[in-house]
Each structure stands twice: as C-alpha cells, then as structure tokens.
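Participant: The sequence and its predicted three-dimensional model are supplied below.
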Amino acid sequence: VDRDDILGFLAERGVAFALDPTNKTTKYDRNWIRHQIIPLIKERINPRVIEAINRFASLAQAEDEWLEEWTQGTLESDTFAKSDDGWQIDLEEFLRFPITIQRRSLRHILLSCFNENLEFSRFQNVYVENLLGLISRRRTGSEIHFPGNVKGSMTANHLLLTHDPEASPSHNSMEIHGPG
C-alpha cells in the first residue's frame, strides 16, 4: 500500500489526517532517498521497485525469524553452559555451526553479559567479530576485555565469557591479551 492509496482511503471516509512538513524536505536521508533515489530507480530500472523492496523485506524478516529460532535452540544445546559467572562455550561443537549461527549466538551471550547495556548495542558487531578472531587463534590463555567488565578468555577447548560487576570500572576500549 503506497501513500496515495492511504490518502485516498482516508479521503473517501472523511477521516482527518495531518501531514508532517519535514517529509517534504530532502535534508533528511530517508526523504532524500524517497524523493530522489526511488523515483530514479522507478524511471530507469524498475517501476515496481517499492513492491520489490517490500517483498525482499518480507523474505528477510521470515528468514531472520527462522534464524532466531535456530539460534535459540542452539543456545539451549550442550555446546553452551550458562552459570552465575557467565557462559562456557564448547569450541569443538561451536565451530561446527554455520558462521551466521555462531555470530548470533555470541551476540545473545554478550547481550546477557552486558545486561542490555547501550554500550553493547552500539558496538555489538565489532565485539562479536573480535570474539570470533579470538576463537580462530585458539591460543589458551588469550583474553579479550570489553567495556563494562565483560571478559572473554580461552582455555584449551572452551571460550569463557564472564561479567564481573565487582571489577574495577573499565574504560571504553578493548584490550586483547595473549601470545601473538
């Protein structure tokens, strides 16, 4: 359903509505895309671009929901052990999962360690990729320290992720310790 359909529907029923005047300015990226880019794509590439974008969004949402279910099931497997101290991940099992599930699992675990802290949401992809790097090096004793007293450490067969609220306040940088 596009804007004209909605406005027509409202007009047919005599429903009052307000238009946001900021929607007309291209000062904001969302409006610039709507007023400049989309019309060009409609004209030069695909007159039904909005339908194509909506189909893609619908497919992406369905796949995201399926991947989320798979991730939740994975987190309930023996690969992951949750305790009061944090999480222990069996690396042999973990590395058998597709990379997408590895990333999503680490994101969920880190979120629980960060207690849904805004700091995590701003840098979650960086933190997940740093943990995957730590895992790929497989060096026992290597550690990575995140803001908010969250730590990842490697043993011979496990990644340990812990949150210590009693630790001294950390600064807003990451430290990676270990050989190499």
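Facilitator: Great, that's in hand. Numbers count the residues shown, from 1 in each chain.

Participant: Now do the strands in this structure.
Facilitator: Assigned by DSSP state E, the strands in the chain fall at 80-83, 86-90, 143-146, 150-154, 158-163, 175-177.

Participant: can you pull the buried residues of the third one?
Facilitator: Think strand 143-146. For strand 143-146, burial by neighbour count (16 or more other CB atoms under 10 Å) applies to 144-146. Just so you know, the C-beta spots here come from the backbone N, C-alpha and C atoms, and that holds for glycine as well.

Participant: The fourth one now?
Facilitator: Taking 16+ other CB under 10 Å as the basis for neighbour counts, the residues of strand 150-154 that come out buried are 150-154.

Participant: Thought Asn23 was touching Asn31, still the case?
Facilitator: Yes. Asn31 lies in contact with Asn23 (CB atoms under 8 Å); the separation is 6.1 Å.

Participant: ok, Gly86 - contacts?
Facilitator: Residues counted as contacts of Gly86 (CB atoms under 8 Å, 6 or more residues apart in numbering) are 113, 160-163.

Participant: ditto for Gly8
Facilitator: By CB under 8 Å, 6+ apart, Gly8 has no neighbours at all.

Participant: Distance check, it against Glu143.
Facilitator: Per CB to CB, to the nearest Å, Gly8 is found 61 Å from Glu143.

Participant: repeat for Thr155
Facilitator: Thr155 is 11 Å from Glu143, by CB to CB.

Participant: ok, now Pro21?
Facilitator: 53 Å.

Participant: and what of Gln124?
Facilitator: Remark: distance between Gln124 and Glu143 (CB to CB) = 19 Å.

Participant: now Gly14
Facilitator: Distance, Gly14 to Glu143, using CB to CB: 66 Å.

Participant: again, but for Leu40
Facilitator: Separation of Leu40 from Glu143 (CB to CB): 50 Å.

Participant: Over to Phe17?
Facilitator: Counting by CB to CB, the gap from Phe17 to Glu143 is 57 Å.

Participant: how much distance is there from the helix ranked longest in the chain to the middle of the chain?
Facilitator: Secondary structure assigned by DSSP state H gives helix 49-75 as the longest helix of the chain. For helix 49-75, the gap between its own C-alpha mean and the chain's C-alpha mean amounts to 13 Å (CA atoms, centre = their mean, to the nearest Å).
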